[in-house]
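Novice: just to be clear, the model below is a prediction. Sequence and coordinates:
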Amino acid sequence: MKRGVRTPAPSNEQLAGGGLQRRVEALLARMTLEEKVGQLAQYSVGTPTGPGTGRSDYETLVRAGAVGSMLNVVGAQETNRYQRIALEQSRLKIPLLFGFDVIHGYRTTMPIPLGMAASFDPALVEQAMHLAATEAAAEGIRWVFSPMVDIARDPRWGRVAEGSGEDPFLGAAMARAYVRGYQGPSLSESTSVAASVKHFAAYGGAEAGRDYNTVDMSEVSLRQTYLPPYQAAIEAGSATLMSAFNTLNGVPATANAHLLTDILRGEWGFNGFVVSDWTAVAELRNHGIALDGPSAALKALSAGVDMDMESHLYAPELPRLVREGKLSQAVVDKAVRRVLRVKFALGLFEHPYVDEKVAAYVATPEKRELARRLAEESIVLLENKGGVLPLSPGRKVALVGPLADAPVDMLGTWNGKGDPRDVVTLRAALEHRLRGTPGALRHARGTEVLSADSSGFAEAVAAARASDVVIAALGEDTNMSGEAASRTRIELPGNQLQLLEALAATGKPVVLIVFSGRPLALTEAQRQVAALVQAWQPGIEAGPALANLLWGDVDFSARLPITFPRSLGQVPLYYNHLNTGRPAGQTDLTRPASNGVEKYVSRYLDERNTPLYPFGHGLSYTSFDFSPPQPSAPSLQARAVREQRGEVLRVKTQVRNAGARPGTVVAQLYLRILGTSLAQPVRQLVGFQRVTLAPGESRELEFPLGFQELSFFDARATRVVEPGTRYELWVGDSSEATRHASFTME
Ligand code: BGC
């Protein structure tokens with residue numbers, strides 16, 4: 001086993017199991033070439049999630065055994081209907097596998113993934129994704145196209161909403177949580193669904209944040225920053241993987257043998273199957289590496305893409321290529337085996353149907369409780385000037401803004417079968433909370449999300465004047481983030497900033513709640529407000545979660561999983577950057593560059609280098625202090641670190657709740673390695689823990705570090721620990737943590 005690959009997870013083991021192999025071989029031996037290739041074809045039936053291909057003969061295809069999987073079929077009756085055709089009318093009676101984009105809930109919509117990542121609470125995310133799996137599986141959907149673990153450093157890219165942000169360590173923790181939640185202890189459980197980690201690889205590195213765009217990066221960056229979350233998902237047992245749309249160093253990910261065969265199977269020991277992204281096989285022609293459909297199919301399959309999503313190329317082309325002697329039947333067989341293994345492991349042959357007589361969905365109190373807890377843990381308090389929050393009872397509130405009462409916009413991108421009617425908006429929650437006190441709540445929309453019309457401002461300003469505090473619910477609508485939703489302007493859209501200015505001009509304190517699927521540039525907005533809350537798109541319990549936080553029934557505990565820039569010109573801006581030879585130090589614009597003091601350093605003339613809010617930042621109603629980190633040894637032997645499995649160093653710290661209220665802190669441990677053969681980031685997250693403490697309470701925390709955390713990739717893109725290096729550690733509650741210690745590697 002290669003170093004770094006932990007014990008194979010249950011489903012990866014299951015997929016390699018002997019019993020399963022025998023069943024696969026027995027079936028394979030009975031299949032015609034067309035039937036084999038049929039298993040490698042996936043069609044979207046239902047509402048398309050990509051460019052349409054205009055086919056409607058799906059029943060005929062299923063009857064002919066020419067379909068292995070369908071996506072976008074929803075509802076128990078529909079999945080059963082197609083399944084019945086496969087099992088009653090096709091020759092070999094191989095069950096269909098139904099896939100769907102279950103991304104942050106199926107019926108019970110949780111916060112968007114970027115929000116869930118802000119919880120730094122993988123255990124809760126796992127629980128939520130298990131609920132999603134249960135709901136999807138009940139309708140016959142046994143395969144979800146999630147987790148999306150693409151590291152993203154560019155808020156222009158709309159798909160930052162779908163991932164866990166910019167950090168590989170947090171991303172890996174979240175990746176594992178999703179996979180465990182979906183797949184449960186065994187794929188064969190009726191409540192388990194197969195995960196599909198995506199989009200392999202480095203899709204989030206799209207140039208200029210434009211979706212589907214080119215990705216070009218060194219093998220070292222790829223391995224150090226982008227690959228860890230995919231690898232974590234594979235190690236957690238993800239049964240499938242989706243290849244990405246983009247090119248990586250010139251080779252489209254969907255024809256990339258280096259990724260799909262060498263790394264994925266060779267290094268990581270993946271036993272599941274690979275599905276292309278939507279029409280990504282056909283797009284090899286647009287990339288210019290395939291001349292026509294047959295060569296696209298040949299390149300994708302040969303590189304390791306087992307199933308063709310929606311390109312309609314494998315089914316017609318692969319048999320022809322085999323007959324012409326351009327493709328070996330053994331390559332086809334290998335892909336078919338992988339697909340069948342997953343179908344057997346899911347127990348589809350034994351239990352192909354689902355019960356159609358289940359009661360209609362109800363967002364039960366238990367489901368709401370889970371959604372609310374996750375929303376509460378995902379909403380970040382960025383600013384609280386003068387302690388305007390928590391709001392005290394009896395204060396009269398003006399609730400303003402286009403997102404105060406916008407159910408659809410609380411669901412966020414890829415909301416599955418989420419239903420806006422299940423959403424409790426902020427307005428509904430405040431009406432409930434402040435009921436019984438006449439005049440306690442005034443509501444005015446003020447403007448729309450994307451509008452130049454200011455005719456609603458007057459009403460909003462009047463409401464503000466008549467109240468003690470203004471809550472402004474502003475930001476993006478659901479369609480402004482997600483796939484194909486890149487933006488070149490990341491301030492508050494439309495005239496929302498002007499509305500905010502008009503509200504602030506009343507002199508009433510303004511609490512700004514930003515709903516968005518990406519970090520917005522909030523520099524101007526921040527100046528206007530007393531408090532700033534980043535709510536992402538929080539899901540069905542948006543309103544109750546926010547109300548609990550704003551009035552302090554629950555403390556804010558979320559931390560940013562992605563940097564918030566001051567302005568778009570700084571992008572890409574991320575905490576784990578290299579230092580450069582001319583770092584700008586504490587550059588601030590009050591010391592003009594022209595005075596010669598700090599001219600020749602890496603900086604802008606018109607903006608600071610620092611973000612508006614750094615990675616890991618988030619306030620609470622109390623405050624915490626940390627003792628300096630204490631490594632368990634002042635020095636380590638590089639050779640021992642290389643050879644020893646598991647923990648090699650333990651870092652301790654004492655955290656204390658220094659305030660007067662109970663609260664939860666996300667303790668974060670960062671590391672920098674100096675003296676290395678390759679420059680290393682100024683900081684890297686290597687550990688985090690959520691800790692809840694009563695006022696005055698302290699706790700000793702321990703962070704175990706092993707080879708994985710202490711190593712880095714050298715110029716040959718190999719994980720190494722180098723002797724003669726120095727390790728700097730910081731502990732605290734953001735990436736700007738200051739409590740420091742160091743140790744050496746001998
Ligand atoms: C997206 C994937 C998604 C697939 C199926 C594609 O356009 O990139 O993330 O899983 O469609 O809907």
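Specialist: In hand now; what should we look at?

Novice: contact partners for the residue in the stretch 101-250 of the chain positioned nearest to the ligand?
Specialist: Closest approach between the stretch 101-250 of the chain and the ligand, counting by CB to the nearest ligand atom: Phe145, at 3.4 Å. C-beta coordinates here come from the backbone N, C-alpha and C atoms, glycine included. With contact set as CB atoms under 8 Å, 6 or more residues apart in numbering, Phe145 has these partners: Leu71, Gly99, Phe100, Asp101, Val102, Ile103, Ser196, Lys198, Met242.

Novice: hmm, try it at 7 Å
Specialist: Counting by CB atoms under 7 Å, 6 or more residues apart in numbering, Phe145 makes contact with Gly99, Asp101, Ser196, Lys198, Met242.

Novice: quick one: which of those is nearest to Pro544?
Specialist: Among the contacts of Phe145, Asp101 lies closest to Pro544 (CB to CB), at 26.3 Å.

Novice: any idea how many residues pack against that closest one?
Specialist: Asp101 sits with 22 neighbouring residues when counted by other CB atoms under 10 Å.

Novice: was I right about it contacting Gly50?
Specialist: No: the pair Asp101 and Gly50 fails to qualify as a contact (CB atoms under 7 Å) at a distance of 10.7 Å.

Novice: apart from its neighbours in sequence, what residue is nearest Glu647?
Specialist: Nearest residue to Glu647 in three dimensions, chain neighbours excluded: Pro704, at 4.0 Å (CB to CB, 6 or more residues apart in numbering).

Novice: still on that earlier bit, check the contacts of Phe145 against the ligand, which are close?
Specialist: The subset of the contacts of Phe145 within reach of the ligand, by CB under 6 Å from any ligand atom, is Asp101, Lys198.

Novice: want to throw the contacts of Phe145 into JSON lines with pLDDT?
Specialist: Below are the contacts of Phe145 laid out as JSON lines (pLDDT from 0 to 100):
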{"residue": "Gly99", "pLDDT": "98"}
{"residue": "Asp101", "pLDDT": "98"}
{"residue": "Ser196", "pLDDT": "98"}
{"residue": "Lys198", "pLDDT": "98"}
{"residue": "Met242", "pLDDT": "98"}
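
Novice: check the secondary structure at the residue nearest to Glu647 for me.
Specialist: Taken by DSSP: H, G, I helix; E, B strand; the rest coil, the conformation at Pro704 corresponds to strand.

Novice: pLDDT wise, what is it at?
Specialist: At Pro704, the model reports a pLDDT of 98.

Novice: thought it was touching Arg650?
Specialist: Yes: using CB under 7 Å, Pro704 is in contact with Arg650, at 5.6 Å.

Novice: related to what we said a few turns ago, how near is the residue nearest to Glu647 to Phe743?
Specialist: Distance, Pro704 to Phe743, using CB to CB, to the nearest Å: 15 Å.

Novice: repeat for Ala504
Specialist: Counting by CB to CB, the gap from Ala504 to Phe743 is 49 Å.

Novice: wait, Leu374 touches Met116, no?
Specialist: Yes: using CB under 7 Å, Leu374 is in contact with Met116, at 6.3 Å.

Novice: follow-up on the earlier one: have a look at Pro704 and Phe743 and say which one is more surrounded.
Specialist: Higher neighbour count among Pro704 and Phe743: Phe743, with 20 against 14, using other CB under 10 Å.

Novice: three-state assignment of Arg373?
Specialist: What three-state DSSP gives for Arg373 is helix.

Novice: pLDDT score for it?
Specialist: Looking at Arg373, its pLDDT reads 98.

Novice: burial count for it?
Specialist: Neighbours of Arg373 (other CB under 10 Å): 20.

Novice: chain neighbours aside, what residue packs nearest to it?
Specialist: If the residues on either side of it in the chain are set aside, Arg373 comes closest to Leu124, at 6.5 Å by CB to CB, 6+ apart.

Novice: hmm, back to that, now tabulate the contacts of Phe145 in JSON lines and tack on secondary structure.
Specialist: Formatted as JSON lines, the contacts of Phe145 follow (three-state DSSP):
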{"residue": "Gly99", "secondary structure": "strand"}
{"residue": "Asp101", "secondary structure": "coil"}
{"residue": "Ser196", "secondary structure": "strand"}
{"residue": "Lys198", "secondary structure": "strand"}
{"residue": "Met242", "secondary structure": "strand"}
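
Novice: of the contacts of Phe145, which pair is most distant in space?
Specialist: Greatest spatial distance in the contacts of Phe145: Gly99 and Lys198, 11.5 Å, computed using CB to CB.

Novice: tell me who's in contact with the residue positioned nearest the centre of the chain.
Specialist: Nearest to the geometric centre of the chain sits Gly163, at 1.9 Å (CA atoms, centre = their mean). Each residue near Gly163 by CB under 7 Å, 6+ apart is listed here: Pro113, Leu114, Met148, Val149, Asp150, Ala152, Gly204.

Novice: can you give me the strands in the stretch 501-650 of the chain?
Specialist: Using DSSP state E, counting those that start in this stretch, the strands found in the stretch 501-650 of the chain span residues 510-515, 531-534, 624-626, 630-631, 635-636, 647-657.

Novice: between those strands, which gets nearest to Leu28?
Specialist: Closest to Leu28 of the strands of the stretch 501-650 of the chain is strand 647-657 (CB to CB; 43.9 Å).

Novice: give me the distance from that closest one to the chain's centre.
Specialist: With CA atoms, centre = their mean, to the nearest Å as the basis, strand 647-657 stands 28 Å off its chain's centre.

Novice: buried residues, it. List them.
Specialist: Buried residues in strand 647-657, counted by 16 or more other CB atoms under 10 Å: Val648, Leu649, Val651, Lys652, Thr653, Gln654, Val655, Arg656, Asn657.

Novice: mind putting the residues you listed into CSV with distance to Gln21?
Specialist: Putting the buried residues of strand 647-657 into CSV (distance: CB to CB, whole Å) gives the following:
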residue, distance to Gln21
Val648, 37
Leu649, 41
Val651, 44
Lys652, 47
Thr653, 49
Gln654, 53
Val655, 50
Arg656, 56
Asn657, 55
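
Novice: need the contacts of Gly163 in JSON lines (columns: pLDDT and distance to the ligand).
Specialist: JSON lines is the format used below for the contacts of Gly163 (pLDDT from 0 to 100; distance: CB to the nearest ligand atom, whole Å):
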{"residue": "Pro113", "pLDDT": "98", "distance to the ligand": "12"}
{"residue": "Leu114", "pLDDT": "98", "distance to the ligand": "15"}
{"residue": "Met148", "pLDDT": "98", "distance to the ligand": "6"}
{"residue": "Val149", "pLDDT": "98", "distance to the ligand": "12"}
{"residue": "Asp150", "pLDDT": "98", "distance to the ligand": "10"}
{"residue": "Ala152", "pLDDT": "98", "distance to the ligand": "14"}
{"residue": "Gly204", "pLDDT": "98", "distance to the ligand": "12"}
